[in-house]
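# below is the sequence, then the predicted model.
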Amino acid sequence: MQAVVDAELKRIASHLERREFPQALTAAQTLHENAPTHRDALFLLAVSHRTLRQLPEALATLRELEKHHPHFGRLFQERGHCHVALRAPLPAIDAYTRAVSLNFALLESWEALEDLYRQAGRSGEAQTAARHRASLMSMPVALRTAFDMYGNGDVARAEELVRHFLATQGEHVDALRLLAMIAMNSNLAHDAELLLERALTLTPNHTAARYEYALALMNRQRHERARAQLDLLLAASPDDINVRALYAAACAGMNDYDAAIPLYRELESELPEHAELQLTFAHSLKALGRIPEAIDGYRRAACLRPHFGEAYWSLANLKTYPFSDAELCQMRAAESDPAAAPVDRYHLCFALGKAFEDRKHYADAFAYYQRGNEMKEREVRFNADAVATTLRLTASLCTAEFFAARNGHGSEAADPIFIVGLPRSGSTLVEQILASHSQIDGTMELAEIPRLAQDLHGSSLTGGGPGYPRRLADLSALVCRRLGEQYLRDTRVYRTGKRLFIDKMPNNFQHIGLIHLILPNAKIIDVRRDPMACCFSIYKQLFAAGQRFAYSFDSIARYRQLYVDLMAHWDRVLPGKVLRIRHEDLVADLEKNVRRMLEFCEVEYEPTCLEFHRTRRAVHSASSEQVHQPLSTEGVDHWRHFEPWLDPLRAALRRAGAS
């Protein structure tokens, strides 16, 4: 069958090359009937329609193609060609931009973008497009082919080709760039960073490599280092829109909103119809507690791109925004529109779930939450067995005897207070309470400990080494102290000079062994919440990144039990190391539990901690608005409104051995 399809695809392509457009269309329609979801059959059918000026049919075919193959860059390039033929420059720019974001090697898209930007008077973006076009034109054919393979989703063949190129031709900056992209695609951000560092060693003036290096640093939340790279790019191209936007994001990541907000304002005035820019600007305003302005930004983004699911979800994720009847109708129409991309659809589903929940239409709310989770679960493909294996290895290595033999290792600093637990457990509330103390800095969910663990795991480029957590056994007293000092140095940018600071990364429960080795005097607070309340709250939450376990009841229940079991292990081997705070107890008796936490952190009691909602600081988590309101018992049992649909969650918790 595949041989027949391949032969037909070649025949259609041959018709198109010879400008035999009617014959191409007839053959493409026949092939589509026999292979209705085949990517290239749909693509050539759309091309055939366009060449015959049948533009509505071409766009309809591309919508069908997007339903089945949403990450195929050439479909967006073809959509751009259709919009150009329709004399619709803004949709064309959107389509071509999406195309090159998926497939850097689409030369026609870069050429079209350069032309469209010049016509629109957007000279900075035109120059960027021209630079990318020139870069592609100068690239060896084998590498351009490998980039195209990668962009078309054929990652294995692209990697094979680029590795062969490196083996036969020697190191090349673009080959290293492509390997870095492949590493990022495989969630190997550490490898990507190393590859791009090597690329820049070879060619320090390679603009694209430096920009991608900044992106890789941002992905690993190394905001200060990313900003240093962006400073170099801005010195060479001060008007580059993409560099300036990433610079603003880096400043926001460092909580430097005095720099980020004015830059976002400038970009907004230059690109008033850029939906993604409106969204990221609104995120910064939300973090600062400037909610009316954030709402305006999210609503503008939704208007600029009608199917923009993330804009609607961002409104819902404020947890306090009431959707109007008109907005509800718009969201339902967008979610059911075949033209909506899967990423927009699941964002819309979670937003609709929250909207109907606020209206007390719990059956409709659950239906949308369930639909959104099913779509997201297919995308993330969580591997619970791999996590379980790593955590079992951690527990078997990190025994009481292991720590006793390493007594005195690490930095003596007692600055950090780590808050760990599951997402949606109430950890942001605990953070806000402690950050209301005069001697404690609130920061954000810092990535330094996971990054240290990743660095210890080693790079797949060099065979990986013994890996993490096994590498913990090899750390000398000197290395432990250096790692502790490195952590303190890397986190200094997020502090304001107070004696103590908070690191609220929930998943750090996996790394308490590492934390104890490098910072034995650090405090650790574990925030725990009722299993049903916490797990269902996770299920309702669409996370911006990570938390791959969060999109099915079985995965959530199993991950929760892995967390509970590992925390019990830490209690056994490091008695007294962790203070456990139960969310329901905190709500029931705030002052008693605040005093417990402050005593544990070895600071004097301050009444301001009871008025935590008055503390103004940037909060980045999903609970940012909730912690700026007085404490309420209303949310403790809110999950019970959904009890008729939660038997599968109860069963999953029982199977996991919930405790």
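That came through, no problem. Note that the structure is a prediction, hence the values are computed from the model and not measured.
# would you check that residue 43 makes contact with residue 73?
No - at 10.8 Å, residue 43 and residue 73 do not qualify as touching, with contact defined as C-beta atoms under 8 Å. Placement of C-beta: from N, CA and C, glycine included.
# the helix or strand encompassing residue 174 - contacts with which helices or strands?
Taking DSSP states H and E as the criterion, residue 174 maps to helix 173-185. Packing partners of helix 173-185 (3 or more C-beta pairs under 8 Å, 6 or more residues apart in numbering; DSSP states H and E): helix 141-151, helix 155-169, helix 189-202, helix 207-219.
# for that helix, what is the distance to the chain centroid?
Helix 173-185 sits 19 Å away from the centroid of its parent chain (C-alpha atoms, centre = their mean, to the nearest Å).
# list the buried residues for that helix?
For helix 173-185, the buried set under the neighbour-count rule, 16 or more other C-beta atoms under 10 Å, comprises 173-184.
# where does confidence bottom out across these?
Lowest pLDDT within the buried residues of helix 173-185 is found at residue 184 (87).
# I'd guessed that residue sits against residue 219; true?
Yes - with contact defined as C-beta under 8 Å, residue 184 counts as touching residue 219 (6.9 Å).
# could you verify that residue 121 is part of a helix?
No - per DSSP: H, G, I helix; E, B strand; the rest coil, residue 121 lies outside any helix segment and is coil.
# how near is it to residue 271?
Look at residue 121 and residue 271: by C-beta to C-beta, to the nearest Å, they are 12 Å apart.
# looking at these two, which has the bigger crowd around it?
When neighbours are counted by other C-beta atoms under 10 Å, residue 121 and residue 271 differ, and residue 271 comes out ahead with 16 against 7.
# tell me who's in contact with that one.
Applying C-beta atoms under 8 Å, 6 or more residues apart in numbering, we find residue 271 in contact with 241, 277.
# that older thread, give me the common contacts of residue 184 and residue 219.
Both residue 184 and residue 219 are contacted by residue 192, under the criterion C-beta under 8 Å, 6+ apart.
# over to residue 337: give its phi and psi.
Per-residue torsions, residue 337: phi -70, psi 120 (degrees, to the nearest 10).
# for residue 54, same thing?
Here is the backbone geometry of residue 54 (degrees, to the nearest 10): phi -90, psi 70.
# and it, how many residues sit next to it?
Residues near residue 54, counting by other C-beta under 10 Å, number 17.
# and the gap between it and residue 535?
51 Å.
# can you give me the strands for the stretch 301-450 of the chain?
Counting by DSSP state E, counting those that start in this stretch, the stretch 301-450 of the chain has these strands, from start to end: 416-421, 440-441.
# pipe the ones you listed into CSV and attach mean pLDDT and distance to residue 519 per row.
Shown next, in CSV, are the strands of the stretch 301-450 of the chain (pLDDT from 0 to 100; distance: least, C-beta to C-beta, whole Å):
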stretch, mean pLDDT, distance to residue 519
strand 416-421, 97, 6
strand 440-441, 95, 16
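# which one of those lies nearest to residue 552?
Closest to residue 552 of these, according to C-beta to C-beta: strand 416-421, at 20.2 Å.
# my guess is residue 423 contacts residue 541. True?
Yes - Residue 423 lies in contact with residue 541 (C-beta under 8 Å); the separation is 6.8 Å.
# shared neighbours of those two, anything?
In contact with both residue 423 and residue 541: residue 550, using C-beta under 8 Å, 6+ apart.
# which of those two has more residues huddled nearby?
residue 423 (22 against 19).
# give the contact list for that one.
Applying C-beta under 8 Å, 6+ apart to residue 423 gives the contacts 506, 538, 541, 543, 547, 550.
# again, only using 10 Å
Contact analysis of residue 423 by C-beta atoms under 10 Å, 6 or more residues apart in numbering lists 445, 506-507, 534, 537-538, 541, 543, 546-547, 549-550, 556, 621-623.
# just the buried members of these?
Of the contacts of residue 423, these count as buried by 16+ other C-beta under 10 Å: 445, 506-507, 534, 537-538, 541, 546-547, 549-550, 556, 621-623.
# burial of the nearest residue to residue 638 once chain neighbours are set aside, as a residue count?
Ranked by C-beta to C-beta, 6 or more residues apart in numbering and with sequence neighbours excluded, the top spatial neighbour of residue 638 is residue 533, at 7.6 Å. Residues near residue 533, counting by other C-beta under 10 Å, number 20.
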